[in-house]
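Undergrad: only geometry, no sequence info:
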């Protein structure tokens, strides 16, 4: 479960980064409408990241182990 959540978090951040880089280029080209069109998508991705981060925190706290012992044998 931890590995899947970490992978999903990375994927979410990759999408958010990609959109942000597009936004930077669109701002340079004064394509402000393009930036505004995807604001809701970015907000949803930021919310999803926050939720995933909370899930990771919950998993780590529930395992209550040193960092080098966090992953289960199936996750290694």
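TA: Looks like it arrived, so ask away. Quantities reported herein were computed from a predicted structural model and do not represent experimental measurements.

Undergrad: Now the phi/psi pair for residue 31, please.
TA: Backbone torsions for residue 31, taken as degrees, to the nearest 10, come to phi -100, psi 60.

Undergrad: gap between it and residue 18?
TA: Per C-beta to C-beta, to the nearest Å, residue 31 is found 16 Å from residue 18. To be clear about C-beta, it is placed using only N, CA and C from the backbone, and glycine gets the same treatment.

Undergrad: who's more crowded, those two?
TA: Shown here are residue 31 and residue 18; by other C-beta atoms under 10 Å, residue 31 has more neighbours (14 against 11).

Undergrad: can you pull the contacts of that one?
TA: Residue 31 makes no contacts at all, as judged by C-beta atoms under 8 Å, 6 or more residues apart in numbering.

Undergrad: Can you pull the phi and psi angles for residue 24?
TA: phi -60, psi -50.

Undergrad: On the pLDDT front, check it for me.
TA: At residue 24, the model reports a pLDDT of 96.

Undergrad: before we move on, what about residue 72?
TA: 72.

Undergrad: got the contact list for it?
TA: If you count contacts by C-beta under 8 Å, 6+ apart, then residue 72 has residue 2 around it.

Undergrad: how close does it sit to residue 5?
TA: 13 Å.

Undergrad: Name the residues of stretch 24-40 that come out as buried.
TA: The neighbour-count check on stretch 24-40 (16 or more other C-beta atoms under 10 Å) flags 26, 35 as buried.
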